[in-house]
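1. Fold the following, please.
(chains A and B)
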Amino acid sequence: MSAPIVTTEHLSKWYGQVSGLNDVTVSVPPGITGLLGPNGAGKSTFLKLITGQLKPSKGTVTVLGEPIWDNPGAYFKIGFCPEQDAFYERMTGLAWVTALVRLNGYDEAEATAAAEKAIAAVDLLDAKDKKIGAYSKGMRQRIKMAQALVHDPGLLILDEPLTGMDPLMRRRTIKLIKEWARQGKSIIVSSHILHEVESMTSNILLINNGRILAEGNVHQIRDLIDTHPHTVFVRAEQPRAFARHCLAFDDVLSLRFEAGAVVVQTGKPDAFYARVTSLAATDEVGLIHEVTSPDDNLQAVFQYLVK
Amino acid sequence: MTSAPAAHSPLAGSASGAPPALPVPRRAPSLWSASARIFELSLARMLWSRGTIFMALLVGLPVVLALLVRGVQAIGAPAMRVEGQVVTGPTIFGFMVWWLYLRFIVPVLALYYGTALVADEVEDKTITYLFTRPIARGAVLLGKFLAYFVCTVMVVTPSLMIVYFLMGLSGATLAGTFPSLLKDLGLVILGLLAYGGLFAWVGAQFKRPLVIGLVFVFGFEQLALIIPGYMRNLTVSYYLQSLVPHAVMSEGVLSILQSLVMQKASMATAIVMLIGIGVAFVFLAMRVIARREYVLEQ
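-> Numbering: from 1, shown residues only, chains lettered A, B, ... in the order given. Next up, the predicted model:
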């Protein structure tokens, strides 16, 4: 198994009396990892700690095998795209990215070439000579990503990178991120747009109230929530008859009707699916057209875990 | 400590095709090299920042005053007299150098820009881009300080020279007064260095740097200069005052008062102290920046 790209041990961060992150021990594997959590969950604190912007109050952080705080050399291998919409507005996109990559030791010609390449990668070449102040929100997001990847880092840390992008650009950016991962880069993406993260990776970290609630594959995480109510949507020919049968099942916690369908909450999803299959085999409830579970979507997993 | 990144093909498959891989730098830029790059990045930003109008107003003030005095002289108004003596252009120039430039414009500019060197980047939330690059944090402050220094020298010295040509030359030859002008320019530059360094540290160290700076310049320094004893040694203005080439007023009650408060350090001591204050406080500010966390408001 590959070495983790980020390791934290008992990592805590306090802002005065307020806890931003609380005793987090986690290993982030190579590849794409989604960091999910509601606002104020501690995502930004976590990212600031692993990018060396904040010093841990307690515990340790290791990024690509090295401590990150007060270790500027580590930034050769890390590219960070922050969440905030903040720029040198009067500079052109090209001048800004060039100026930043010069801080990585590139000379002017190398820096300009690298900046043009990074800007091309985020599909912004046509606007490279425009002032950033004149960029749309989506363009600003993309130029921010360009500055993160301009020095070709092995680890990209992207804080809400899709915010403000139109659907086409989101799709393209997701494709790019997956492409970078295929090239061997590791990427940590924080987002609150869960289905988009889901389309990038199944490897996630769920965070809330400064704690990691769950980590790993989305399916492994689903196993963790078997004790939580699981929602199943059943479209049936005779929904009322189906509901009548469901009421007899011990594991059914609640049900409600929708047009031509029943939405059931069960405490034992596997047993419930087995019974539905048996029912479908009989003629007692008519045809069962569709059985789906919104819990297959990451959004539902997340909602359960942060409740 | 950290090796250079692996030379894998950067951004392969980008929209622009696959240009040849760039040479990957082996080492982080040195402190000076990084500072020079931050300087380049900051200079234009500083010159065209929200403080530009403020700076223009400040350095324009003595020019306007000099123009007014020249205008009054040109329409044949009677010469200004103090205790029976005609106040000449060079006297007014000397007065303006000390009271307007060295006691007001230089410390106020240094306070305004010095305390904001990093605070502006923090407030604008752009500091992240600089602090996540492989350079020492101290280089960010040093580069910004150099930008402040060059920027303010570029703005204040022309103002002083214009005022000199309007007032200081009056009734004298350029050759005769030029050395004095050079001293004045040197004083202004030393003042910008010493106050700038001091306020760079104040800005890095304290939460309300402007208040602290204002209290220092217009409270503590004013008081320390008139209190006999060693307290004046803790001010910047004492060393600047020691180098002022002009006798602001030469006779009368004012000169007696002046002689009481105008104790001087030797020229060498004053120059060494002013440079030392500037350099030492910039160094301290760099140390503070290197260790401090900046929590940006979300």
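
2. Roughly how far does A:Ala274 sit from chain B?
-> 46 Å (C-beta to the nearest C-beta, to the nearest Å). (C-beta placed from N, C-alpha, C; glycine too.)

3. Quick one, grab the pLDDT at that residue.
-> You'll see A:Ala274 listed with a pLDDT of 79.

4. which one's the longest helix in chain B?
-> helix B:174-205 (DSSP state H).

5. for that helix, which positions count as buried?
-> Within helix B:174-205, the residues that qualify as buried are B:177, B:180-181, B:183-185, B:187-205, counting by 16 or more other C-beta atoms under 10 Å in any protein chain shown.

6. how distant is stretch A:103-116 from the center of its chain?
-> Chain-centre distance of stretch A:103-116: 30 Å, with C-alpha atoms, centre = their mean, to the nearest Å.

7. So for that stretch, what gets flagged as buried?
-> A:103-106, A:110-116.

8. Just those: which are in helices?
-> A:110-116.

9. can you map out the helices along chain B?
-> Using DSSP H, helices in chain B cover B:31-47, B:52-74, B:89-95, B:106-114, B:119-123, B:127-131, B:137-163, B:174-205, B:209-215, B:221-226, B:237-243, B:252-261, B:267-291.

10. Quick check: which of the ones you listed is buried the most?
-> helix B:106-114 (a mean of 25; mean count of other C-beta atoms under 10 Å in any protein chain shown).

11. Can you name the residues in contact with that one?
-> Helix B:106-114 is contacted from outside by B:46, B:51, B:54-55, B:58, B:145, B:148, B:151-152, B:156, B:188, B:191-192, B:195-200, B:202-203, B:210, B:213-214, B:217, B:236-237, using C-beta atoms under 8 Å, 6 or more residues apart in numbering or on different chains.

12. try 7 Å this time
-> B:51, B:54-55, B:58, B:148, B:152, B:156, B:188, B:191-192, B:195-196, B:199-200, B:203, B:210, B:213-214, B:217 (C-beta atoms under 7 Å, 6 or more residues apart in numbering or on different chains).

13. now it: mean pLDDT?
-> pLDDT averaged over helix B:106-114 gives 95.

14. Next, the angle from that helix to helix B:31-47.
-> 110 degrees (axes from the mean of the first three to the mean of the last three C-alpha atoms, to 10 degrees).

15. CA atoms only: put helix B:106-114 into CSV for me.
-> The C-alpha atoms that make up helix B:106-114 are tabulated as CSV, following Å, rounded to 0.1, in the frame of the first residue of the first chain:
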residue,chain,number,x,y,z
VAL,B,106,7.8,61.1,7.0
PRO,B,107,6.4,59.6,10.2
VAL,B,108,2.8,59.6,8.9
LEU,B,109,3.8,57.9,5.6
ALA,B,110,6.0,55.4,7.4
LEU,B,111,3.1,54.7,9.8
TYR,B,112,0.5,54.4,7.0
TYR,B,113,2.6,52.1,4.8
GLY,B,114,4.9,50.4,7.4
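
16. where in chain B is pLDDT low?
-> By pLDDT under 70, the weakly predicted segments of chain B are B:1-26, B:79-86, B:168-174, B:246-263, B:297-298.

17. Next up, the contacts around the residue positioned nearest the centre of it.
-> Central residue of chain B (C-alpha atoms, centre = their mean): B:Leu192, 2.8 Å from the mean position. Under the criterion of C-beta under 7 Å, 6+ apart, the neighbours of B:Leu192 are B:106, B:110, B:149, B:152-153, B:156.

18. same thing with B:Ala270?
-> B:239, B:242-243.

19. Now do the residue nearest to A:Arg211 when sequence neighbours are not counted, the pLDDT please.
-> Residue nearest to A:Arg211 in three dimensions, not counting chain neighbours: A:Asn22, with 5.3 Å by C-beta to C-beta, 6 or more residues apart in numbering or on different chains. With respect to pLDDT, A:Asn22 scores 92.

20. and what of the one 3 residues further on?
-> In this model, A:Thr25 is scored at 94, pLDDT.

21. got a list of what A:Lys128 touches?
-> With the criterion set at C-beta under 7 Å, 6+ apart, A:Lys128 makes contact with A:92-94, A:116, A:119.

22. out of these, what pair is the most spread apart?
-> A:Thr92 and A:Glu116 (11.8 Å; C-beta to C-beta).

23. got the residues of the stretch 1-150 of chain A near chain B?
-> Listed as neighbours of chain B in the stretch 1-150 of chain A under the rule C-beta under 7 Å from any C-beta of the partner chain: A:15, A:44, A:51, A:53-55, A:66, A:71-77, A:80, A:82, A:84, A:86-88, A:90, A:99-100, A:102-106, A:110, A:113-114, A:117-118, A:120-121, A:123, A:125, A:147, A:149.

24. quick one: low-confidence parts of chain A?
-> Using pLDDT under 70, chain A drops low at A:1, A:192-195, A:219, A:221-228, A:294-307.

25. centroid residue for it?
-> With distances taken as C-alpha atoms, centre = their mean, A:Gly34 lies nearest the centre of chain A, 3.1 Å away.

26. Now do the SS call for that residue.
-> strand (DSSP: H, G, I helix; E, B strand; the rest coil).

27. quick one: the residue nearest to it when sequence neighbours are not counted from chain B, how far?
-> Distance criterion C-beta to C-beta, 6+ apart; nearest residue to A:Gly34, sequence neighbours excluded, is A:Val197 at 3.8 Å. Here the criterion is C-beta to the nearest C-beta. By it, A:Val197 lies 20 Å from chain B.

28. hey, where'd the strands end up in the stretch 51-200 of chain A?
-> A:58-63, A:66-67, A:78-81, A:155-159, A:186-191 (DSSP state E, counting those that start in this stretch).

29. For the shortest one, which strands pair with it and how are they oriented?
-> The reference is to strand A:66-67. Strand A:66-67 pairs in its sheet with strand A:58-63 (antiparallel), by DSSP bridges.

30. Flag every buried residue along the strand it pairs with.
-> A:59, A:61-63.

31. Pull the CA coordinates from that strand and hand them back as PDB.
-> Extracted C-alpha coordinates of strand A:58-63, given in PDB (Å, rounded to 0.1, in the frame of the first residue of the first chain):
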ATOM      1  CA  LYS A  58      -1.700  20.000  19.600                       C
ATOM      2  CA  GLY A  59      -0.700  17.000  17.600                       C
ATOM      3  CA  THR A  60       1.300  16.700  14.400                       C
ATOM      4  CA  VAL A  61       0.800  17.100  10.700                       C
ATOM      5  CA  THR A  62       3.000  15.400   8.100                       C
ATOM      6  CA  VAL A  63       2.600  16.200   4.400                       C
END
